[in-house]
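> only the shape, not the letters, is given here:
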């Protein structure tokens, strides 16, 4: 391959990978408008709740936690694969991660940000949310660090900041690249964001080693975040919640929903920005295998959890268990279908793993099932807890549903904006791999890569 | 969230600098330079003794008054009746004072009757109108005027009598639906009001008497019941209840014998038979009552256990055990109550239980019944008097009706024709505090004080062995422009002048009360009567020495009760309706108080409404689920109610609480629930006409739609006590 | 003073580095600019191990201390009994300490990386936009104006498409 | 019998054999503690604000049916599950064994209510309102809780305070039975007793030694300060 071709190829690849940053089309504006409108409805609903009280929700005694906490757990879960998958794949030197990682990391940042809103929306007195923040006040009172909610707050902050840093550091060379290609005020902004990156050999060295270290640091944080979310439930005396398996079970559930969401987003991005050239069937195949693995794990954990409850047959635990089966049979069926049967059976087939249409269906189903799973964790246990006299049930109100829906719209809106302003593919990572492919050598009867090792 | 972490970080950096700055400063409280008026000092509460008027029992209360406002009602520990205890109804009396829908000034009707349109008028105008209304009937023997009140005792009774003496043709109807007029119909009626010595008995048998809820003096008996159960070191009283419905009282029993409606008496005769067989009857008591053992043995000979089980429909084993217990545990006490009294065979059935008490030697004995004759004036009328009055109204003989402390439009069934007849009265004057069902029909409303703003004396009708005169005093200044009914009577007397004014010279009811009390309370006639009265007011009333128990005269030999009759054909109306007084609303007089509306019914746990209790077996046969709306029809009418599946009910009986379904009475009562009296059909040819609240046949039809039923308990969870290890 | 030579091809750039080394410019003064990373030695060799992890360690330690003092210290200063839990409870203190340690370690890594990368740096520097589309820059950093001239000539002869210094960037 | 304040551990004994289920305590509590009104819809939705409720459990089928009453209020657990989960110390333990609830501090996470096995914590879903002049009945001793705040039985802390102040003025310790919550004071059959469990001679301590004693969910290890005495004589099988 001669020099001309190579320069041309790099330019063309840049061009192709940055196609998402082209000036927005009418359809994009329309999409943003629709998403914005849904967010506005959610804001209105929140205003209603803020001014009249929690009476506008479906919350009651005994079901004191509802759709907000369900959404919170769901979004925290969703945030799990991005950074974590990206970091694990980086550490395991899986080259195929490269086109995926930016999209996944961005997903993490936005979903954890959306998740972080829910505890605040959920508060009875949202306007004094700052009582949860440790700061010296005139009351001479600090928050109670013995409360799992405080663990939660600290862990989620750590995760938001950590995954934000992870996303930013990874994007730094790409920002410089965008800076070099743009003019005028955009150049100034991207110049500021690229903070003077030139790509010297030292910078690259620090960059790749530092990214690896960050990956090492972020994985235990991610595990701790969802473990802590699980402990919000597991440390209580609520039958059905008080279970030691909850932390690992939640982590696996989180990764399941996260991996599925990454695949969904990959399919959407690939279609929307015509990135077929970079997001290859191989990537879908590999991600699907990962999804298959975590679905198997999730199913194992779920089985372990319900099996012990079923066998132990402790009266009060049996109560929520049978209540769930009697009243949420359909939901339970969809959950098992979406988290176990369909992905495990479907993803065994190579054709399914490489078909974006099939994968889109499966991964969406997985996340619907995961949302239901969270509902089934929160609601039946609370509905039928220790005191049978005040047993109850829960149906979310329009306010809660609007806000939950607005969270989805907000996530997609943020994501859409992100794709418009930032490179959605990790350009330098992809090109690094291309370079590696260029550096292949004939060895015996095969071509082997000469530059394969990463830090 | 970013902001949060920013604050977190900045908070931490500030921490060290701020910690040093935290010092507690000394604060000084400034004492009062000028003490506040009216003896009110902020933050200090005063307690004033008064008497409860939420039901006829008349418990003593203490009202906590802070900053000139009544804050809470508690039981008066010095009152011999309730000894510091108080029921929910009594405590909710506070809300009557502060009720937002009280009538705040005199009103004259401006719209059509029942429309609720009234114009406020001044008290001068109102009094003038009242005087004009009354003037034609003075010294006239024409029967054109009637005063409708609840039964009156004490100085209210004497004042009313003093007043009405000058209106010779006037009818005074002192009636209320739950007044135990039936007590007088049994064998022992002449003895006066009973006090059951529950706390000292060892075996208690209730024949349909819900003495913990509504029977005579629930707080007094509730207190006795607590002691009966657990106050004696080695004795735990045992309690059996016989009646078709597992009432709250029955739920506290050790054994519930679900007898058919109107069959409870058979058990009394069964016990009587065994007493005679085993020779455990009290011969002295029987002799004193002139009862011959042989005669009675003859009368009850047929009532062996099998016969009792057959009549009552209770299984034989339970009947046998109960009879065994009743004859072997001593003292054993039988109480007869409303569920027996509201059946067609009541007088004989009541007499059967009273016979049992006589045979057990329970009269004037520890663990038995103390009867103390009431010396004070009492005015009360029977249902028969009411029917006569209805007849007069029907024929248009009545020109003027004065209504005080009574709500007959609500508390009488339409089948009595009262509502129709009442509408024919051309002039109706009401002294109510609320626009209730009856005062909505009034042409002139002269609103009275609330109970906490009034003077008065209340003589408990039952539950005391000594003479007790509970005193009421205003604990706060009247909130609105109202006047007490007795004051109005005195004012009317002044306005009418003449002999009436001379005989009632007092300027206020307080003056009248003082004069009247001085006649009845010996302590007041010695020394400074004012000071003495203050002392009595402080302690809540005059509590006299234990009175001489009433002596039993010769009794008529008992006769066997007939089978209970029910209004309506059995083929057409297969079920029997039992209407019972609600513990929260009594006869419906308390349903305007939100605390009581939201106090869950003890058994159904329902709030803010009414409901129909159905045995789950019956409900399953008819395809009725909990909370479903059903149509209940009787020969008299048809209403809709949400169903409550109630396992403590005989399958052929359905039950409904009294007290809801008002067409007035303020925002909390109006239009809430349904009045079951609409279903009450009249029984013909009864020797003693009465409201037979348990003697109507009905049929029910599911309407396949949800009714407005809210319960505090979860319907399925209510059956899962084992989860609590209870 | 820095001089940048822009090369269209990796091999040309590598040759230029060799030429520069040949004329006596030490490797410590030569670095490469590229839009993709290349393994060590493809263009220039690593001079010294970057020590950014020290930032992670130091920050991590500070974070752990802050976490511990927040969880244990505030509880100890303002003791309030809740449940039957000790005022300073091991598990919560451990969790908070851990989370803040990780947070600060991550921030420390970022700070350390920036420190080692010499970023942010908004001073004008020799740079060529072609690097973004695959061109390779060879940068000679030297204090001697003479060496600049030598390097310029060397890179020109090695086939540099373009040469620039800071002045050109203004 | 007097005790020093430092020895106090407040406790309640509820004799289920005496309890008749009449509900006098429920209204007493509502009146004493400024508890807001709940309408029918509120009850249907499980938003009842009463701090004390009488639970009625059915047992068996007709004709062998019984109903059991269980007055349920905050159990003031020694090892209260509600306390440590509160992130803002709104729920904490006092030195006298009470389960304190600081309304001003509460942000409404409702975590405590979830973790309370007795489900006795109630949440203000909306701002309470009393149509004029009904608000004049409100006791000046207690705050009215705004929306978003969790509340529950306090063992009538205001009465405990008043009792202590009076005792202090008279320079003496509290007498047994001197302080009574509103529910115990009004209970007609005297099913509720209140006092110092740490004083072995107090009425509650003596009653707590009864062989009929039990506590709810003893297996959860919450160590409630409310001790129930079993109702006896239930010979009908369930």
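Right, received. Where do you want to start? In this text the structure is predicted, and so the values were computed from the model without any measurement. Numbering: from 1, shown residues only, chains lettered A, B, ... in the order given.

> so how many other residues sit close to the closest residue to residue A:233 other than its chain neighbours?
Spatial nearest neighbour of residue A:233, excluding adjacent residues (C-beta to C-beta, 6 or more residues apart in numbering or on different chains): residue A:241 at 4.1 Å. No exception for glycine: its C-beta is placed from N, CA and C like everyone else's. The tally of other residues near residue A:241 (other C-beta atoms under 10 Å in any protein chain shown) stands at 22.

> quick one, what contacts residue A:241?
A:233-234, A:377, A:381 (C-beta atoms under 8 Å, 6 or more residues apart in numbering or on different chains).

> any low-confidence regions in chain B?
Along chain B, segments meeting pLDDT under 70 span B:1-43, B:373-377, B:557-558.

> ok, the contacts of residue A:241 vs residue B:389, which is closest?
The nearest member of those to residue B:389, counting by C-beta to C-beta, is residue A:381 at 62.5 Å.

> so the strand or helix carrying that closest one, near chain D or not?
In this structure, residue A:381 sits in helix A:356-383 according to DSSP states H and E. Yes. Residues of helix A:356-383 contacting chain D under C-beta under 8 Å from any C-beta of the partner chain: residue A:382.

> quick check: mean pLDDT of that helix?
Computed over helix A:356-383, the mean pLDDT rounds to 93.

> moving C-terminal of that helix, what's the next helix or strand?
helix A:398-421.

> ok, and does that next one reach over to chain D?
No. For a cut-off given as C-beta under 8 Å from any C-beta, helix A:398-421 has no contacts with chain D; the smallest distance is 12.2 Å.

> quick one: low-confidence residue ranges for the chain.
Since no chain was named, I'll use chain A. Within chain A, the stretches with pLDDT under 70 are A:1-8, A:434-455.

> think we crossed wires, I meant chain D
D:1-6, D:232-238.

> in what helix or strand does the residue of chain A found nearest chain D lie?
In chain A, the residue that lies nearest chain D is residue A:124 (1.8 Å; C-beta to the nearest C-beta). Under the criterion DSSP H and E, no helix or strand holds residue A:124.

> next to chain D in this structure, residues from chain C, please.
C:80-85.

> quick one on the thing from earlier: SS state for the residue nearest to residue A:233?
Put simply, residue A:241 is coil when judged by DSSP: H, G, I helix; E, B strand; the rest coil.

> and it, its phi and psi?
phi -100, psi -40 (degrees, to the nearest 10).

> swap in the one 5 residues further on?
Backbone torsions of residue A:246, given as degrees, to the nearest 10, read phi -60, psi -40.

> contact partners for residue D:29?
Contacts of residue D:29 (C-beta under 8 Å, 6+ apart): D:35, D:50-52, D:73, D:153, D:181-183.

> if we go to 6 Å?
By C-beta atoms under 6 Å, 6 or more residues apart in numbering or on different chains, the contact list for residue D:29 reads D:51-52, D:182-183.

> ok so, going back, so the residue of chain A closest to chain D makes contact with residue D:148?
Yes. Applying C-beta atoms under 6 Å, one finds residue A:124 in contact with residue D:148, separated by 3.0 Å.

> any common contacting residues for these two?
The contact sets of residue A:124 and residue D:148 overlap at residue D:108 (C-beta under 6 Å, 6+ apart).

> pull out the buried positions in the helix holding residue A:381.
Neighbour-count burial for helix A:356-383, counted by 16 or more other C-beta atoms under 10 Å in any protein chain shown, picks out A:356, A:358-360, A:362-383.

> which other helices and strands contact that helix?
If you count contacts as 3 or more C-beta pairs under 6 Å, 6 or more residues apart in numbering or on different chains; DSSP states H and E, helix A:356-383 packs onto helix A:67-91, helix A:246-272, helix A:315-327, helix A:329-336, helix A:342-346.

> let's see 7 Å
Counting contacts by 3 or more C-beta pairs under 7 Å, 6 or more residues apart in numbering or on different chains; DSSP states H and E, helix A:356-383 packs against helix A:67-91, helix A:246-272, helix A:281-312, helix A:315-327, helix A:329-336, helix A:342-346.

> so which of those is the most surrounded?
Ranked by mean neighbour count, the helices and strands packed on helix A:356-383 are led by helix A:67-91 with a mean of 27 (mean count of other C-beta atoms under 10 Å in any protein chain shown).

> what residues are up against the residue of chain A closest to chain D?
By C-beta atoms under 7 Å, 6 or more residues apart in numbering or on different chains, the residues touching residue A:124 are A:54, D:107-108, D:110, D:123, D:148-149.

> and which of the residues of chain C next to chain D is nearest residue B:626?
Nearest to residue B:626 out of the residues of chain C next to chain D is residue C:83 (C-beta to C-beta; 38.2 Å).

> got a list of what the closest one touches?
Contacts for residue C:83 (C-beta under 7 Å, 6+ apart) come out as D:79-81, D:83-84, D:93.

> max pairwise distance over those residues: which two?
Checking those with C-beta to C-beta, the most distant pair is D:81 and D:93, at 11.7 Å.
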